[in-house]
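Sequence and predicted structure are below.
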Amino acid sequence: DQQVKQNSPSLSVQEGRISILNCDYTNSMFDYFLWYKKYPAEGPTFLISISSIKDKNEDGRFTVFLNKSAKHLSLHIVPSQPGDSAVYFCAARTLIQGAQKLVFGQGTRLTINP
Amino acid sequence: DAGITQSPRHKVTETGTPVTLRCHQTENHRYMYWYRQDPGHGLRLIHYSYGVKDTDKGEVSDGYSVSRSKTEDFLLTLESATSSQTSVYFCAISELVGYTFGSGTRLTVV
């Protein structure tokens, strides 16, 4: 069963507008949620995270919102720039005997149009 | 740069042959991970290590084995490669929250 889901495989946004990427999860035991960005032929790179005890975290143009009652998180990018075009993965963390285990969503391909 | 490298970057191999992928890190991280990325599945955990000679299975471990004889090296072996193991493989090291990933190995099994 998919514990972390990104239901939109792709999203197209005009440059300068807001991009909103969504993610749903099922396991209430996750203690952190993360977003990674991936360009072709590169490894995923960390973008932003949020603790399960928070409802918002902001870093420059990127803001992550967490709605625990709905088991939903979203990443807002504003304003969107051409360099933001990439695949975005949300991930949820559990700690097992000190090891972080991340469960990833399927990814959303974001395209920023000029 | 977290100092994590994967080799090879690309490999084509035949069905039934063994294949070993290497992950090397230079920062003495204790925890290391192997994931595979496939369309429609995101990244899925294959195996992870919590120290030298200490490893455990992830969600898609069938057909894979790992070894960690030194802190800096974490090897992933496909014992007898199958076409379903065609994928992009990523190694990762643990940070305070989340991971740093390597650049990946694209493996094609023909």
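Alright, I've got the coordinates.

only C-alpha atoms for contact and neighbour calcs from this point on.
Fine.

Find the centremost residue of chain B, please.
By C-alpha atoms, centre = their mean, chain B has its centre lying nearest to residue B:34, at 3.3 Å.

Surely it is in contact with residue B:92?
Yes. Taking C-alpha atoms under 8 Å as the definition, residue B:34 is a contact partner of residue B:92 at 6.5 Å.

ok, back up a step: give the contact list for the residue nearest to the centre of chain B.
Contacts of residue B:34 were listed using C-alpha atoms under 8 Å, 6 or more residues apart in numbering or on different chains, and they are B:45-48, B:76, B:89-92.

Around chain B, which positions in chain A sit nearby?
When proximity is defined as C-alpha under 8 Å from any C-alpha of the partner chain, chain A approaches chain B at A:32, A:34, A:41-46, A:49, A:89, A:93, A:99-100, A:102-107.

Show me just the buried residues among the residues you listed.
Buried members of the residues of chain A next to chain B, scored by 16 or more other C-alpha atoms under 10 Å in any protein chain shown, are A:32, A:34, A:43-46, A:49, A:89, A:93, A:99-100, A:102-107.

Retrieve the pLDDT associated with the residue of chain A found nearest chain B.
Residue of chain A nearest chain B, by C-alpha to the nearest C-alpha: residue A:106 (3.8 Å). Per-residue pLDDT puts residue A:106 at 96.

residues in contact with the residue in chain A sticking out farthest from the centre?
Farthest-out residue of chain A from its mean C-alpha position, per C-alpha atoms, centre = their mean: residue A:97, at 25.2 Å. With contact set as C-alpha under 8 Å, 6+ apart, residue A:97 has no partners.

I'd like the distance between the residue nearest to residue B:71 when sequence neighbours are not counted and residue B:20.
Counting by C-alpha to C-alpha, 6 or more residues apart in numbering or on different chains, residue B:71 lies nearest to residue B:52, which is 5.7 Å off, once chain neighbours are set aside. To residue B:20, residue B:52 is 18 Å away according to C-alpha to C-alpha, to the nearest Å.
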